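> I would like the atomic coordinates for the input below:
(2 chains)
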Amino acid sequence: MTNLINRQPSPEARVMHIRDGEVVEPRDYNWFERLARFLVRPFTDAWHHRDLIEAILRRELRERFKGSMAGWIWAITAPLISLITYTVVFGGAVKLPNNAESHSPVDYGLFIFGGLVAFNFFTEMAYRAPSLLHEYSHYIKQTMFPAEMLPIISTLRAMTYASIGLALMLLCQAIFGSMSWTVLLLPLWIVAFLAFLVGITWMLSAMGAFTRDTAYLMMTIAPVLMFATPVFWSTESLSPDMRLLMYANILTGYIEIIRDLVVEGKLPNGWVVAWTAFISMFFFWFGYWFFRRQQDAIADVI
Amino acid sequence: MSSELDDDVVIRVRHLAKAYKLYDSPKDWLKQQLIGSATNPYYKSFWALKDISFDVHRGKSVGIIGRNGCGKTTLLQIVCGMTRPTKGEIMVKGRVAPVLALGATFDPEATGRENVLIGGAVLGLKRHEVRARLDSISDFAGIGAFMDQPLKHYSSGMQMRLAFAICAHIEADILIVDEALAVGDMAFQKKCTDWMDNFRRTGTMLLVSHSPSSLTQLCDTGIWIDNGRVREAGSVADVTHAYRRATFLEKEDMRRFSHS
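The predicted structure is shown next:
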């Protein structure tokens, strides 16, 4: 307690200034500066709260397997079993759905598994997002907790499990197939997919704070989406018109790209990449904007 | 109403008002989002604060008194930045330590140590700062070996002591305290009061309490809030005296929550 007597002014002396419900900035910014500030804001905020993100993430990861003896072994067993199942069940298929020759029985297993890793990652986020803010309602209402960090934390948590599947997939590809240099582009895919998921979670969690219908909506959509998404098949087996229509499904691009990079070992179509990158950026910043717009109301209704 | 803050004033509040939007059903919320306007809304506004103005000077300690539902807690939440005011202006300069809703971040399954790490992070401490203070926090709470036990094995008094101990280690410029004096047993209450007395020597404090006697003990000036407005402000003795008189005279109106 003695340290309080000779207290120095705290290094991060901050000023909060709000007038008529709007934050008053130290000076006026022109539209370009405002846009730039908005675009970098999610990153600077996340960096500022990095220790908080880490603390909550650690707790969530510990909680997931609390009370189970095998713990993390389950996280590895589940994707391994599903990979083996697909290989055994579809191993007899001589041709891949995109008419390429199958080189080994594992090929089709990996083909499906690549799609599943991405799709399951998405559904895990979509199922949890609507109730995310309710889970942390006491944090949001009663502490200075930055609620906009929750979707980031939740995405990072899901990523740890998804990366187990991803690592398994790469391992099998290295053992049974051939690893192409295009795998090196995978980190770019991960960044784009994470941005997309964080954005979706910002939107869904903000909506879910106001109405439970968001949760039911996701539970209804996700299973249908599984068959409308090329997880078990390839868009290359469709007519050109139908293929174009498939890209209206926001997940199609991500699944095709990860398949091209890892399983097929080729560069993805440029248009698909451009469209997917656009989706990532759009959802990320739109989701952030939407969440911030609702944030004050969220603290009051939740 | 200039935006420059006098060097001596750390909290400035001008005509502050806060409305909560009350929706009858989620359907109304959706309608408001899609087709609603501010002039003809689908929600009802509940004004928890109507018109509050005051200044808090550096190193001063201000007590806020008022009946349940008068807007005290809303005011503290606004000062901490937990919720945003609807109208009016507020400026707060410095690091704020909220001693309200103690233990809101506590997870009964996690150990005391883990809870301190999370609680400290939520209060804005960096990881290394919390680690450096762990022993001191455990000493202050006086829970010794229980630090490595899950929180569910704690008594509620021990939990509150741990929660207060975390708040006491933020090294804030401004301490915001809400009814937290009723923490733990007599010995710990005295420890808290001593600690706050000590804090007053260097820091600024905003304190809410129902008890006029603890306000007189800890504060320099007082503000009496009634129905979302400042009813009286001045020296803590005058304000608590007026408040005591009024509560003695005015009968408890049981129906005051039914009409807003």
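> make it CA atoms for all contacts and neighbour counts henceforth
Noted.
> the chain: strands as residue ranges?
Went with chain A since none was named. For chain A, strands defined by DSSP state E occupy the ranges A:15-19, A:22-23.
> my question was about chain B, not that one.
For chain B, the strands defined by DSSP E cover B:9-22, B:44-57, B:61-65, B:87-93, B:96-99, B:174-178, B:204-208, B:221-226, B:229-235.
> excluding its backbone neighbours, what's nearest A:W275?
Sequence neighbours aside, A:G253 is the residue nearest to A:W275 in space, at 7.6 Å (criterion: Cα to Cα, 6 or more residues apart in numbering or on different chains).
> likewise A:E60?
Nearest to A:E60 is A:R157, by Cα to Cα, 6+ apart, at 7.4 Å.
> quick one, phi psi at A:L267?
Note on A:L267: its backbone torsions stand at phi -80, psi 140 [degrees, to the nearest 10].
> where in the stretch 101-250 of chain A is pLDDT low?
A:101-105 (pLDDT under 70).
> go again using 50 as the cut-off
Along the stretch 101-250 of chain A, no part satisfies pLDDT under 50.
> close to chain B: what parts of it are there?
Within the stretch 101-250 of chain A, the residues that sit near chain B (Cα under 8 Å from any Cα of the partner chain) are A:138-145, A:210-211.
> got a markdown table for the residues you listed, with neighbour count too?
What follows is these, written out as a markdown table (neighbours: other Cα atoms under 10 Å in any protein chain shown):
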| residue | neighbour count |
| --- | --- |
| A:H138 | 18 |
| A:Y139 | 22 |
| A:I140 | 24 |
| A:K141 | 20 |
| A:Q142 | 19 |
| A:T143 | 25 |
| A:M144 | 19 |
| A:F145 | 22 |
| A:F210 | 23 |
| A:T211 | 19 |
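> pretty sure the residue nearest to A:W275 contacts A:A277?
No. With contacts counted by Cα atoms under 8 Å, A:G253 stays clear of A:A277, the gap being 9.1 Å.
> distance of the residue lying farthest from the centre of chain B from A:I250?
Distance to the chain centre peaks in chain B at B:I35, reaching 36.3 Å (criterion: Cα atoms, centre = their mean). In this view, B:I35 and A:I250 are 27 Å apart by Cα to Cα, to the nearest Å.
> ok, now A:W275?
Distance, A:W275 to A:I250, by Cα to Cα: 9 Å.
> do you have the helices of chain B handy? List them.
Using DSSP state H, the helices of chain B run over B:26-35, B:72-80, B:112-122, B:127-141, B:156-167, B:186-200, B:212-218, B:236-249.
> report the angle between the last one and strand B:229-235.
The directions of helix B:236-249 and strand B:229-235 differ by 140 degrees, with axes from the mean of the first three to the mean of the last three Cα atoms, to 10 degrees as the criterion.
> pLDDT on helix B:236-249, on average?
Helix B:236-249 shows a mean pLDDT of 87.
> again, but for the fifth one
Taken as a whole, helix B:156-167 carries a mean pLDDT of 87.
> break chain B into its domains for me.
For chain B, the structural domains run B:1-94+B:173-260, B:107-171, going by automatic domain parsing.
> so which of those comes closest to chain A?
Nearest of these to chain A, taken as Cα to the nearest Cα: domain B:1-94+B:173-260 at 3.9 Å.
> that closest one near chain A anywhere?
Yes. Using Cα under 8 Å from any Cα, domain B:1-94+B:173-260 reaches chain A at B:20-21, B:26, B:29, B:80-94, B:173, B:198-199, B:201-202.
> and B:K72, what does it touch?
Contacts for B:K72 (Cα atoms under 8 Å, 6 or more residues apart in numbering or on different chains) come out as B:64-66, B:208, B:225.
> I figured A:D260 hits A:K266, correct?
Yes. The pair A:D260 and A:K266 qualifies as a contact (Cα under 8 Å) at a distance of 5.3 Å.
> comparing these two, which residue is more hemmed in?
For A:D260 versus A:K266, neighbours defined as other Cα atoms under 10 Å in any protein chain shown are more numerous around A:D260 (19 against 15).
> list the contacts for that one?
Contact analysis of A:D260 by Cα under 8 Å, 6+ apart lists A:266-268.
> now B:V10: how far from B:S155?
B:V10 sits 37 Å away from B:S155 when distances are taken as Cα to Cα.
> what do you get for A:G208?
Using Cα to Cα, one obtains 35 Å as the distance from A:G208 to B:S155.
> got it, and B:L134?
Going from B:L134 to B:S155 by Cα to Cα gives 20 Å.
> of the two, who's got more company?
Taking neighbours as other Cα under 10 Å, B:L134 and B:S155 compare with B:L134 leading, 20 against 11.
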